[in-house]
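> Attaching a predicted model along with its sequence, questions to come.
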Amino acid sequence: MSTDRVLKAGVLGATGTVGQRFIVLLAQNPMFSIHALGASERSAGKAYVLATKWKMSEQLPEEVRNVIVHPCAPEHFGGCDVIFSGLDASVAGDIEKAFFEADFAVFSNAKNYRMHPDVPLCVPVVNTDHYAVVAGQRQARRLKRGFIVTNSNCSTSGLVVPLKALQDRFGALQRVMVTTMQAVSGAGYPGVASLDILDNVVPLIPGEELKMEEEVLKILGGVAADGAACTPLTDLRVSATCNRVPVIDGHTECVSVEFAGTPPSIEEIKQCLREYTCEVQDLGCFSAPKHVIYVAEDEDRPQPRLDRNAGNGMSVTVGRIRKCPVFHVKFTLLVHNTVLGAAGASILNAEYAAKKGYI
Ligand SMILES: NC(=O)C1=CN([C@@H]2O[C@H](COP(=O)(O)OP(=O)(O)OC[C@H]3O[C@@H](n4cnc5c(N)ncnc54)[C@H](OP(=O)(O)O)[C@@H]3O)[C@@H](O)[C@H]2O)C=CC1
Ligand SMILES: N[C@@H](CC(=O)OP(=O)(O)O)C(=O)O
């Protein structure tokens, strides 16, 4: 298809935290027009402005205010070229399946299909090569034009970016330890009660650590020669510890890395991170950041309030890069959890899919 055509976008879960971020980003993106919105039966039939509790700092785009929210069923999304899903995971499995089986191109934020071998788990600045499994996915699931691509857990999306840069330049990684400090917007709306999170740190985000530990292996892995399945790494070991902190947006992660081979110097690591580039940049995708990784110059960065909007939320900021006395190197990174960690990644995944002729 021509990448000059404006793609009609449907948004499932449009009223939620990720859904609102989709609305903000799609309204600014010349490749897409917002064509249809979906949410639960609680919201269906209402104008969007009445169905959602708008929590973005940007104004609700005028053209979306009075769009009627539909139930999340394919018959309400006719004419859409692409479906973005910010659905709650408790319902995403069945609803997204109904859409890709109805021949829609689905880009999901939910966890349900992430670890399926024939589904790309794609952080678009890291592993667009995993789109190679889409043809096999269509064949195995008897889909004509439909398919599903997922993006990762929001903390995973930040972590894999510097890890990919290091792996590409210096070879296999052996062990990674990560401790996260995750923003409250990661829990959706209304999310964590203020009495739980103000003046506090909560050392548990149910299910989060295992997701990170598994997803990193898939994203940093490859694709089988016949294109039938993704092939997660088997030699890398990842340990994650996840905490909720009283920050609105932006997940901070303290990472320690051990290389399988001879470790590079700290200067070589900094240079590698600064120089990292990826395919969506080469293709000139609208949402691709100019710099995938910003290496923070100041010793006390990254900080969520100051750095979360780097590259319009599509860049990862890495700082405090130093020797680790246990592994080889340690650093702190920051990722915008609802932009590169969610809606922004989905949109860039769709831009890539359009450029490569999948849509
Ligand atoms: N927040 C983040 O940083 C990240 C979130 N994700 C994932 O993205 C997804 C959305 O998260 P988030 O926006 O935070 O969640 P929210 O709880 O804020 O929003 C959930 C959305 O799902 C809709 N929904 C709920 N039940 C149904 C139903 N039965 N039928 C149709 N729609 C329904 C809601 O509609 P209604 O308003 O009508 O109830 C709402 O639009 C989740 O799967 C989450 O795990 C992934 C990465 C990061
Ligand atoms: N659990 C993440 C956000 C999220 O919803 O992730 P996932 O889609 O992997 O469940 C957080 O709280 O910050």
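Right, received. Where do you want to start? Ligands and ions are numbered 1, 2, ... in the order given.
> use CA for all of it now, contacts and neighbours both
Will do.
> What about the closest residue to P263 other than its chain neighbours, how many residues nearby?
For P263, ignoring the flanking residues on the chain, the nearest one in space by Cα to Cα, 6 or more residues apart in numbering is H328 at 6.6 Å. Counted by other Cα atoms under 10 Å, the residues lying close to H328 total 18.
> Need phi/psi at H328.
Note on H328: its backbone torsions stand at phi -100, psi -40 [degrees, to the nearest 10].
> could we number from 604 for the rest of this?
Will do, 604 is the new start, and the previous item becomes H931.
> Tell me who's in contact with it.
859-862, 866 (Cα atoms under 8 Å, 6 or more residues apart in numbering).
> swap the cut-off to 10 Å and go again
H931 makes contact with 778, 859-862, 865-869, 925, according to Cα atoms under 10 Å, 6 or more residues apart in numbering.
> Quick one: neighbours of Q631, just the number.
Neighbour number of Q631 under other Cα under 10 Å is 12.
> Now do the helices in the stretch 804-953 of the chain.
Taking DSSP state H, counting those that start in this stretch as the criterion, the stretch 804-953 of the chain contains helices spanning 811-823, 869-878, 882-885, 907-910, 947-958.
> And the residue nearest to P866, how far from ligand 2?
28 Å (Cα to the nearest ligand atom, to the nearest Å).
> if we can go back for a sec, is it possible to export the helices of the stretch 804-953 of the chain to JSON lines including distance to ligand 2?
Output for those, formatted as JSON lines (distance: least, Cα to the nearest ligand atom, whole Å):
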{"stretch": "helix 811-823", "distance to ligand 2": "6"}
{"stretch": "helix 869-878", "distance to ligand 2": "24"}
{"stretch": "helix 882-885", "distance to ligand 2": "23"}
{"stretch": "helix 907-910", "distance to ligand 2": "14"}
{"stretch": "helix 947-958", "distance to ligand 2": "12"}
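> Now mean neighbour count too, for these, in a markdown table please.
Putting those into a markdown table (neighbours: other Cα atoms under 10 Å) gives the following:
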| stretch | mean neighbour count |
| --- | --- |
| helix 811-823 | 21 |
| helix 869-878 | 16 |
| helix 882-885 | 16 |
| helix 907-910 | 16 |
| helix 947-958 | 25 |
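> Now distance to E665 and mean pLDDT too, for those, in JSON lines please.
Converted to JSON lines, those look like this (distance: least, Cα to Cα, whole Å; pLDDT from 0 to 100):
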{"stretch": "helix 811-823", "distance to E665": "36", "mean pLDDT": "98"}
{"stretch": "helix 869-878", "distance to E665": "39", "mean pLDDT": "98"}
{"stretch": "helix 882-885", "distance to E665": "30", "mean pLDDT": "98"}
{"stretch": "helix 907-910", "distance to E665": "28", "mean pLDDT": "98"}
{"stretch": "helix 947-958", "distance to E665": "21", "mean pLDDT": "98"}
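> Adding distance to A843, write those out as a markdown table.
What follows is the helices of the stretch 804-953 of the chain, written out as a markdown table (distance: least, Cα to Cα, whole Å):
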| stretch | distance to A843 |
| --- | --- |
| helix 811-823 | 5 |
| helix 869-878 | 22 |
| helix 882-885 | 28 |
| helix 907-910 | 20 |
| helix 947-958 | 22 |
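> what's the closest of those helices to A705?
helix 947-958 (17.7 Å; Cα to Cα).
> who does the closest one touch, helix- and strand-wise?
strand 610-615, helix 620-630, strand 635-642, strand 685-688, strand 708-711, strand 750-753, helix 882-885 (3 or more Cα pairs under 10 Å, 6 or more residues apart in numbering; DSSP states H and E).
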